[in-house]
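> give the three-dimensional model of this entry:
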Amino acid sequence: MGESKGFGLRDKESWWQDEKVKENVKNKRQSLEILLGCNNAENWSRYQYAGNETRKVISEAWSESYEEFYKDLGTKNGEHKIYKLI
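Numbering: from 1, shown residues only. Prediction:
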């Protein structure tokens with residue numbers, strides 16, 4: 001009892017994130033702080049909109065990055081990138 005199973009924190013993959021993604025995540029967090037400070041319908045809708053926009057931007061950035069990643073796998077320089085998959 002009280003023993004760890006040995007699972008630690010895992011590193012988050014951030015190599016595919018660009019400035020647009022980081023800015024959107026920051027805006028979403030700010031809108032959450034505003035919502036928690038004053039919970040009303042306007043702040044709730046603002047938070048929902050920020051969350052939807054953030055999901056869209058993350059999805060686009062992720063797919064673009066992985067598309068470039070898979071194109072580079074066939075090249076000499078891309079052989080070293082295979083370790084990002086692991």
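
> quick check: closest non-adjacent residue to Asn27.
Of all residues not flanking Asn27 in the chain, Ala50 sits nearest, at 5.5 Å (CB to CB, 6 or more residues apart in numbering). Backbone N, C-alpha and C define where each C-beta goes, glycine included.

> show me where this protein has strands.
Counting by DSSP state E, the chain has no strands at all.

> ok, Val57 - how many residues close by?
When neighbours are defined as other CB atoms under 10 Å, Val57 has 19 of them.

> just give me the neighbour total for the nearest residue to it once chain neighbours are set aside.
Computed as CB to CB, 6+ apart, the closest residue to Val57 that is not its neighbour in sequence is Asn24, at 4.7 Å. Neighbour count for Asn24, taken as other CB under 10 Å: 19.

> which pLDDT value goes with Asn24?
pLDDT recorded at Asn24 is 95.

> doesn't Glu53 make contact with it?
Yes - using CB atoms under 8 Å as the test, Asn24 is close enough to Glu53 to be in contact (6.1 Å).

> next, the contact list for the residue nearest the centre of the chain, please.
Residue closest to the average C-alpha location in the chain (CA atoms, centre = their mean): Ile58, at 5.7 Å. By CB atoms under 8 Å, 6 or more residues apart in numbering, Ile58 lies in contact with 21, 24-25.

> flag every buried residue along the helix or strand bottoming out on mean pLDDT in the chain.
Counting by mean pLDDT, DSSP states H and E, the chain has its least confident helix or strand at helix 41-72, which shows a mean of 92. For helix 41-72, a neighbour-count test (16 or more other CB atoms under 10 Å) marks 43, 46-47, 50, 54, 57-58, 61, 65, 69 as buried.

> now do stretch 16-25
Buried residues in stretch 16-25 (16+ other CB under 10 Å): 16-17, 21, 24.

> and the residues you listed, which is closest to Leu32?
Leu32 lies nearest to Asn24 out of the buried residues of stretch 16-25, by CB to CB, at 12.8 Å.

> so who does that closest one touch?
50, 53-54, 57-58.

> at 7 Å what do you get?
53-54, 57 (CB atoms under 7 Å, 6 or more residues apart in numbering).

> circling back to that earlier point, wait, the residue nearest to Asn27 touches Gln30, no?
No - contact criterion CB atoms under 7 Å: Ala50 and Gln30 do not qualify, at 8.1 Å.

> thanks a lot, see you next time.
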